[in-house]
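**Q** Sequence and predicted structure are below.
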Amino acid sequence: MRRFTCSRLYYPVDMGGTPIKPRTKVASATKSRQSRRIWGLLAEINNYSAVRPNSYDFYIKQEADILTRDEFQKLTQKVVILDGATGSNLMAQGMPRGICTEQWVIDHKDVIQKLQKAYMEAGSQIIYAPTFGGNRINLEKHGLEDRIREINRTLVSYSRETAGTRCYVAGDITTSGQFITSDGDYTFETAYEMYQEQIRILKDAGVDLIAAETMINIEETLAAVDAARSVCDLPIMCTVTVEADGSIFSGGNAAEAAAALESAGADAVGINCSVGPDQLVSVVRSIREAVSIPVIAKPNAGMPAIDDQGNAVYSMTPSDFARHMKVLVENGASIIGGCCGTTPDYIRELVHIL
């Protein structure tokens, strides 16, 4: 097996567990790395990827709860459990590579609802609707941009039907896979309008909050927060993908990003994907010291190795994952879950150990 590395850089994987292939170089924003350039990330993003109290206090959803931003802050005074991976589990159920994940999920309602029900039974209090690649730019790659409203509303309805009143549903959004430039085809305004369109659809479809995840640069994430604040008053959680030292792939670091996002109006900030929880203790601690809002940790089940067939293989067991996640909670994370390589068993073990 071989690992995808570039010097100290591990490429993040998409929600299907496949390493995002580099296409464009970007310069680092930190002084220690000004002398070298790292491969940035542009990708075909579409292959995405009963709680018991013990030593930690958990929030338990009440039937009549409406998740305002104030209520979200009250909720996160206790540990909140997110779901785990979506894409890698869908691929295990037969989803091919290279297709539009959102369309495949629409055609396989039973698969996504079975997975999300399993997460809820394992202890997830927030599940992510499978709208990850549902923005206009990603749907254009499959000729589906004219169906953006139908696709997002249908996917949210699947999750709402599964969640009922037992669980909150987050509208999931992500990067376009492009980098913002002041004079290029993808500007801040372009990103803002892209997110504004999708977030408005998700709000109208009935999500409880917005989750911007697997973000690869600060500027685009700020555009997502600005867009959310312009169209709704739903809570928005933001997570960036980082290296083990906390640096973001297009420059800057997780703590700087978290502080900027809090100032822009994000309701919770943190990291997801990229590496395992065993490598993120100092990153979570630095984010916790930089912000006053809740900190999110949704890492992979360790670093993936790639087998001869090109499949991502994760070696961290559910018990090891949970053990390392407990350390992240002790260092400031209060909204926790899993990303690539995790399953309902990982969430169940996480709830058990806490």
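**A** Here it is on my side, so go on. Being a predicted model, the structure only gives us computed values, none of them experimental.

**Q** low-scoring pLDDT stretches of the protein, where are they?
**A** 1-65 (pLDDT under 70).

**Q** tell me the contacts of the residue minimising distance to the centre of it?
**A** Centroid-nearest residue in the chain, with C-alpha atoms, centre = their mean: Glu213, separated by 3.1 Å. Listed by C-beta atoms under 8 Å, 6 or more residues apart in numbering, the contact partners of Glu213 are Tyr128, Phe132, Asp172, Ile173, Thr174, Met237, Cys238, Thr239, Asn272, Cys273, Lys298. Backbone N, C-alpha and C define where each C-beta goes, glycine included.

**Q** Of these, which is the nearest to Ser159?
**A** Closest approach between these and Ser159, by C-beta to C-beta: Tyr128, at 7.8 Å.

**Q** Which residues are in contact with that closest one?
**A** Shown in contact with Tyr128 (C-beta under 8 Å, 6+ apart): Leu82, Asp83, Thr86, Ser159, Val169, Ala170, Asp172, Ala211, Glu213.

**Q** ok, it to Ala163 distance?
**A** Distance of Tyr128 to Ala163, given as C-beta to C-beta, to the nearest Å: 11 Å.

**Q** intersection of neighbour lists for those two?
**A** By C-beta under 8 Å, 6+ apart, the residues touching both Tyr128 and Ala163 are Val169.

**Q** quick one: secondary structure of the residue nearest to the centre of the chain?
**A** strand (DSSP: H, G, I helix; E, B strand; the rest coil).

**Q** Kindly report the same for the one 10 residues further on.
**A** Remark: Ala223 carries the secondary structure label helix [criterion: three-state DSSP].

**Q** Disregarding flanking residues, what is the spatial nearest neighbour of it?
**A** Ranked by C-beta to C-beta, 6 or more residues apart in numbering and with sequence neighbours excluded, the top spatial neighbour of Ala223 is Ala191, at 3.8 Å.

**Q** From Ile173, how far out is the one you found?
**A** From Ala191 to Ile173 the distance is 11 Å (C-beta to C-beta).

**Q** Neighbour count for the two, which is higher?
**A** Per other C-beta atoms under 10 Å, whichever of Ala191 and Ile173 has more neighbours is Ile173, with 30 against 26.

**Q** Which residues are in contact with Ala170?
**A** Neighbour list for Ala170: Ile126, Ile127, Tyr128, Ala129, Val207, Asp208, Leu209, Ile210, Ala211, Met237 [criterion: C-beta under 8 Å, 6+ apart].

**Q** ok, now Cys232?
**A** Neighbours of Cys232 in contact, by C-beta under 8 Å, 6+ apart: Ile199, Arg200, Lys203, Ile210.

**Q** Those residues in helices, which ones?
**A** Under the assignment DSSP state H, these contribute Ile199, Arg200, Lys203 to helices.

**Q** Tell me where the stretch 101-250 of the chain has strands.
**A** Secondary structure of the stretch 101-250 of the chain (DSSP state E, counting those that start in this stretch): strands located at 126-128, 168-173, 209-215, 236-240.

**Q** quick one on the thing from earlier: so for Ala191 and Ile173, which residues contact both of them?
**A** When contacts are counted by C-beta under 8 Å, 6+ apart, Ala191 and Ile173 have Ala224 as shared neighbours.

**Q** The closest residue to Ser250 other than its chain neighbours: neighbour count?
**A** Once flanking residues are discounted, Ser250 sits nearest to Asn217: 3.8 Å by C-beta to C-beta, 6+ apart. Residues near Asn217, counting by other C-beta under 10 Å, number 25.
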